[in-house]
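Student: 3D model of this:
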Amino acid sequence: MGYSSVSFDPSLVALNSDAASSALAEANIASAAAASCGYKISAGARPSATSAVRGKVWYSPGSAGVKDKVEVCCKDAANSYAWRIIY
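Tutor: Numbering: from 1, shown residues only. Sure, this is the predicted structure:
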């Protein structure tokens, strides 16, 4: 059994702090949700791991023969920030 429609409010999701990036992210999420009931995280150069990007998820596509990476910026018990590989 499938769903015939999906209700999605991209304004509830903030992936970046600047207005242009947030607007682009919202447009990408809304478009993907309408098309396939999912979303894609896409971006350019990954920023350094700092408290300013803590909690952000980053997708890096792999080249031919190299797997993609999905990472999240997290702080460890020593208060050190790093990009942790999820996949």
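Student: tell me which residues of the longest strand along the chain are tucked away?
Tutor: In terms of residue count, the longest strand belonging to the chain (DSSP state E) is strand 69-75. By neighbour count with 16 or more other C-beta atoms under 10 Å, strand 69-75 contains the buried residues Glu71, Val72, Cys73. Backbone N, C-alpha and C define where each C-beta goes, glycine included.
Student: Okay, helices next: where are they in this structure?
Tutor: With DSSP state H as the criterion, the chain has helices at 19-36.
Student: So what's the predicted local confidence for Asn16?
Tutor: The model reports Asn16 with a pLDDT of 48.
Student: next one: the one 3 residues further on
Tutor: Each residue has a pLDDT score; the one for Ala19 is 56.
Student: just use 49 as the starting number from now, easier for me
Tutor: Got it, first residue is 49 now, which makes that one Ala67.
Student: Quick check: Ser128 vs Ser99, distance?
Tutor: Separation of Ser128 from Ser99 (C-beta to C-beta, to the nearest Å) stands at 11 Å.
Student: ok, now Tyr129?
Tutor: Distance of Tyr129 to Ser99, computed by C-beta to C-beta: 6 Å.
Student: Okay, domains of this structure per the record?
Tutor: Following the assignment in automatic domain parsing, the chain carries domains at 55-88, 91-135.
Student: which residues of this structure score low on pLDDT?
Tutor: 49-88, 90-91 (pLDDT under 70).
Student: can you do 90?
Tutor: Residue ranges of the chain with pLDDT under 90: 49-94, 104-110.
Student: before we move on, the earlier item: find residues that contact each of Tyr129 and Ser99.
Tutor: Residues touching both Tyr129 and Ser99 (C-beta atoms under 8 Å, 6 or more residues apart in numbering) are Lys123.
Student: The two - which one has more neighbours?
Tutor: For Tyr129 versus Ser99, the count of surrounding residues by other C-beta atoms under 10 Å is larger for Tyr129: 16 against 10.
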